[in-house]
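Trainee: curious how this folds, go ahead:
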Amino acid sequence: MTSPLIAPEPRPGSNLPEFSVGDLARRLKRSIEEEFGFVRVRGEISQPKRHSSGHCYLRLKDDTAVIEAVCWRGTASKLAVQPAEGLEVIVTGRMTTYPGRSQYQLIIESMELAGEGALLKMLEERKKRLAAEGLFDAGRKKPIPFLPDVIGVVTSPTGAVIRDILHRLHDRFPRRVLLWPVAVQGERAAAEVTAAIEGFNRIPPGGPVPRPDLLIVARGGGSLEDLMAFNEENVVRAAAASRIPLISAVGHETDTTLIDFASDRRAPTPTAAAEMAVPVRAELLAQVLDDERRMVGATTRMLAERRTRVEGLARGLGDPRALLESHAQRLDDRAERLALAAVSLLDRRRTRLNELGAALRHPREKLAGAGQRLAADSRARDGAPRHAGVAARGQQERGRGRPRR
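Mentor: Below you'll find the predicted structure:
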């Protein structure tokens, strides 16, 4: 325990004690800490700043004054409400001074929103910011499987919610359910719900623990403060990033949380989520039986219509045996005519061949005629010079005997 400071003796001529700067600063610090050891302060957050060390510095203000405040790293990470500019809050902590700047400041140990209006304002701003990032886009929504084999449920293991879901699933279509127990309100709730969603998504397909085909995040109704865990940014981001289709069922039908906008489907109640997850088995069986009856009836009618049509076409075709007999007779006739035609053709070709053979001369006759013509030509060639000389002489003699003029 710090020993009390002893005021120095007053200087001669003065009845005021004299302090050093450090002594005065320490006395002021002790006085303030003893007087305001535990306080609750309501005000508007101004200039919040997160230092690289993890500590958070901010100001609390109202219409008349401003108080410097600091939230150390270990406490800042556990705050139920994260400081934001303009947010009206109620903080709990202790007053102290910072002698290095001659200022007093509030050491924050907890923080909560100051009334429902401030809470709604914060949620609206958060909703706009997350929507601008595309976390609520309809294009990100995944279809809900028609009949999931395994359903993962994120909720409290002791509340009525899990019993309602299991009872409704059993009535409609029994499925295998994996429960990831979490706190659904309080400081731990947001972190546990986030870890549950991410944990289900990390289960590998085909492993010893079956990977869910569908997730249900659920809790019963409550006040706006009770449902705050499902408005936290880490929960909303985990729901939007889930690769497994997710149904949110938080609160009653009139309750709306930010996870409802990030989920693939919103259910007004946990019981309604179970109804969305699976169809009614009895209705499916009735539908299958009705489809079977209609299919059998349609097939029977189709076969009857086809049979009637075939019979009608058969009546127009006539007796196949008579058609075959007629064509068989025609085939016999064509075969007989073909045989006769072949014989006749051979006779005609033989006669023509004989006629052509009779018109041909024997090669000996042709050779004898050619020999005679060759001999005649030879004699003609031998006598040609003699006849030419006689003709020349006769021409000369006729020339000499012609009178001169």
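Trainee: helices of the stretch 151-300 of the chain, residue ranges please.
Mentor: 160-172, 189-202, 233-241, 258-262, 270-277, 281-317 (DSSP state H, counting those that start in this stretch).
Trainee: can you tell me which of those is nearest to residue 149?
Mentor: Comparing the helices of the stretch 151-300 of the chain by their distance to residue 149 (C-beta to C-beta), the top pick is helix 270-277, with 11.5 Å. Heads up, the C-betas are built off the backbone N, CA and C, glycines and all.
Trainee: tell me the mean pLDDT over that closest one?
Mentor: Across helix 270-277, the average pLDDT comes to 95.
Trainee: kindly report the same for stretch 92-111.
Mentor: pLDDT averaged over stretch 92-111 gives 85.
Trainee: equivalent analysis for stretch 32-46, please.
Mentor: 84.
Trainee: show the end-to-end separation of that stretch, please.
Mentor: 23 Å (C-alpha to C-alpha, to the nearest Å).
Trainee: check which residues of it are buried.
Mentor: 32, 41, 43, 44, 45 (16 or more other C-beta atoms under 10 Å).
Trainee: with stretch 102-110 instead?
Mentor: Of the residues in stretch 102-110, those buried (16+ other C-beta under 10 Å) are 104, 105, 106, 108, 110.
Trainee: for stretch 323-338, same thing?
Mentor: Here stretch 323-338 shows no buried residue, counting by 16+ other C-beta under 10 Å.
Trainee: can you give me the mean pLDDT across that stretch?
Mentor: 85.
Trainee: do the same with stretch 238-250
Mentor: 96.
Trainee: what about that stretch, start to end distance?
Mentor: With C-alpha to C-alpha, one end of stretch 238-250 sits 15 Å from the other.
Trainee: how about the spatially most central residue of the chain, secondary structure?
Mentor: Against the mean C-alpha coordinate of the chain, by C-alpha atoms, centre = their mean, the closest residue is residue 142 at 7.9 Å. At residue 142 the chain is in coil, as set by DSSP: H, G, I helix; E, B strand; the rest coil.
Trainee: so who does it touch?
Mentor: 245, 264 (C-beta atoms under 8 Å, 6 or more residues apart in numbering).
Trainee: ditto for residue 244
Mentor: 152, 200, 201, 211, 212, 213, 214, 215.
Trainee: for it, which non-adjacent residue is closest in space?
Mentor: Of all residues not flanking residue 244 in the chain, residue 215 sits nearest, at 5.2 Å (C-beta to C-beta, 6 or more residues apart in numbering).
Trainee: give me the neighbour count for that neighbour.
Mentor: By other C-beta atoms under 10 Å, the residues close to residue 215 number 27.
Trainee: wait, it sits on residue 152?
Mentor: Yes. Using C-beta atoms under 8 Å, residue 215 is in contact with residue 152, at 4.7 Å.
Trainee: find residues that contact each of those two.
Mentor: 200, 244.
Trainee: can you show me the strands along the chain?
Mentor: 39-50, 56-61, 66-71, 88-98, 103-113, 150-155, 176-181, 214-219, 246-250, 265-266 (DSSP state E).
Trainee: would a markdown table of these with distance to residue 301 be doable?
Mentor: As requested, the strands of the chain are exported to a markdown table (distance: least, C-beta to C-beta, whole Å):
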| stretch | distance to residue 301 |
| --- | --- |
| strand 39-50 | 76 |
| strand 56-61 | 78 |
| strand 66-71 | 79 |
| strand 88-98 | 74 |
| strand 103-113 | 69 |
| strand 150-155 | 42 |
| strand 176-181 | 42 |
| strand 214-219 | 41 |
| strand 246-250 | 43 |
| strand 265-266 | 41 |
